[in-house]
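Undergrad: let's see this in three dimensions:
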Amino acid sequence: SWVCLFLQVLRQFVRHESDAVGSLVLERSMNRVQLLGRVGQDPVMRQVEGKNPVTIFSLATNEMWRTGDSEVAQGGEYEPRDISQKTTWHRISVFRPGLRDVTYQYVKKGSRLFVEGKLDYGEYTDRNNVRRQATTIIA
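TA: You can find the predicted model right below:
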């Protein structure tokens, strides 16, 4: 009957915990970031013992918004006093060998740059041997 068929199909899609232990279920997900901004300092290349080198730099993005009830000027722009701005700094890490080397060699402080990558949350130890949280864009 159609009820038996429906239950068979339903069993194929519903997994119990005991079923999931023995099988690997892959599902699609996405971790993707796109940034357009200005480089904060010349990139540096670092190498941690036993790991591949990484090029690191900071990138600033700006968010602007109109404040108050000001009128638009003749040229279609707002007066500077009517605009607020917030700058956000992003830590960019480049691990891929070709891209890492080109970034280190050619990217300079003040360069306007488009970066695409993924978010990574981790920890590092600072110069004072204190563990700190870090959010990084892996380019």
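Undergrad: pLDDT below threshold where in the protein?
TA: 1-23, 69-81 (pLDDT under 70).
Undergrad: if you set the cut-off to 50 instead, what comes out?
TA: Scanning the chain for pLDDT under 50 picks out no residues.
Undergrad: residue 100 should be in a strand, yeah?
TA: No: going by DSSP: H, G, I helix; E, B strand; the rest coil, the assignment for residue 100 is helix, not a strand.
Undergrad: neighbours of it, just the number please.
TA: For residue 100, the neighbour count with other C-beta atoms under 10 Å is 20. The way it works is simple: take the backbone N, C-alpha and C, and place the C-beta from them, glycine included.
Undergrad: and it, how far from residue 130?
TA: 27 Å (C-beta to C-beta, to the nearest Å).
Undergrad: right, and residue 112 touches residue 59 too?
TA: No: judged on C-beta atoms under 8 Å, residue 112 makes no contact with residue 59 at a distance of 9.8 Å.
Undergrad: which one's more surrounded, the two?
TA: Between residue 112 and residue 59, residue 59 has the larger neighbour count (other C-beta under 10 Å), namely 23 against 9.
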